[in-house]
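K.L.:
next comes the sequence, and after it the predicted model I'd like to discuss.
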Amino acid sequence: RVATLRLEGVNISVLHRDDRVGFKAGALDHGLQHASGDFIAIFDADFVPTPHFLLQTIPYFQNEKLGVVQTRWGHINQDFSVLTQLQAFGLDAHFSIEQTARNAAGSYINFNGTCGVWRKKCIEDAGGWSADTLTEDLDLSYRAQLKGWSFKYLEDVSTPGELPVIMAAVKSQQYRWNKGGAETA
């Protein structure tokens, strides 16, 4: 697909690293070094953005102090089991209640690691991606907002992704999120 898009004149490439230094933060930093645009859209591999995602998010960046647009996570497989239904309920509460309320109050919100767009200048101004925590997204979010950048949460834009379907994967995910939050604090 990349080769086809290149023939159509799209500036696109696939990057691979030879190592896993810094894990996701290292991969994001590596990609940032090769990015030529002003905005960086980030999606984990298990999320599927709609074709209109950029049209729904980029216009908000007319505000020069806006560093991030975060969208709501949807769920491809929420009806797979009771476990996925419970996860969807918890994540929906986080996004629809917590992120909405924080954003409306002008309080700090966090980029949730995926389904959002960063202004490249914001990432650079806040010191870039750091691998010293398991939650590089939360870490950079707070550093950027401490530098004066604002964030925007869009409840009406959703990007569906897969929820873990076995308890071991849920526990691993929750451990990373909780440990990373503590590290960032």
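P.N.:
Now that the structure is in, tell me what you want to look at.
K.L.:
mind listing the helices for this structure?
P.N.:
Ranges of helices in the chain, per DSSP state H, are 2-7, 23-34, 53-57, 82-93, 100-105, 120-125, 136-146, 167-184.
K.L.:
most packed of these?
P.N.:
helix 136-146 (a mean of 21; mean count of other C-beta atoms under 10 Å). Yep, even glycine has a C-beta here, placed from its N, CA and C like the rest.
K.L.:
can I get that one as CSV, trimmed to CA atoms?
P.N.:
The C-alpha coordinates for helix 136-146 follow below in CSV (Å, rounded to 0.1, in the frame of the first residue of the first chain):
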residue,chain,number,x,y,z
GLU,A,136,5.4,8.2,28.2
ASP,A,137,2.0,9.7,27.0
LEU,A,138,1.1,10.9,30.5
ASP,A,139,4.6,12.2,31.2
LEU,A,140,4.7,14.3,28.0
SER,A,141,1.2,15.5,28.5
TYR,A,142,2.0,17.0,31.9
ARG,A,143,5.3,18.5,30.8
ALA,A,144,3.6,20.1,27.8
GLN,A,145,0.8,21.6,29.9
LEU,A,146,3.3,22.9,32.5
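K.L.:
so what touches that helix?
P.N.:
The contact list for helix 136-146 (C-beta atoms under 8 Å, 6 or more residues apart in numbering) reads 24-25, 28, 67-68, 108-113, 122-123, 125-130, 132-133, 151, 180-181, 183-184.
K.L.:
so what's the spatially most central residue of the chain up against?
P.N.:
With distances taken as C-alpha atoms, centre = their mean, residue 114 lies nearest the centre of the chain, 2.3 Å away. Shown in contact with residue 114 (C-beta under 8 Å, 6+ apart): 42, 43, 44, 47, 73, 159, 161.
K.L.:
try residue 179
P.N.:
residue 134.
K.L.:
how near is it to residue 138?
P.N.:
Distance, residue 179 to residue 138, using C-beta to C-beta, to the nearest Å: 11 Å.
K.L.:
re earlier: looking at the contacts of residue 114, which is nearest residue 33?
P.N.:
Using C-beta to C-beta, the shortest approach to residue 33 within these belongs to residue 42, at 14.9 Å.
K.L.:
pLDDT at residue 134, what is it?
P.N.:
Looking at residue 134, its pLDDT stands at 87.
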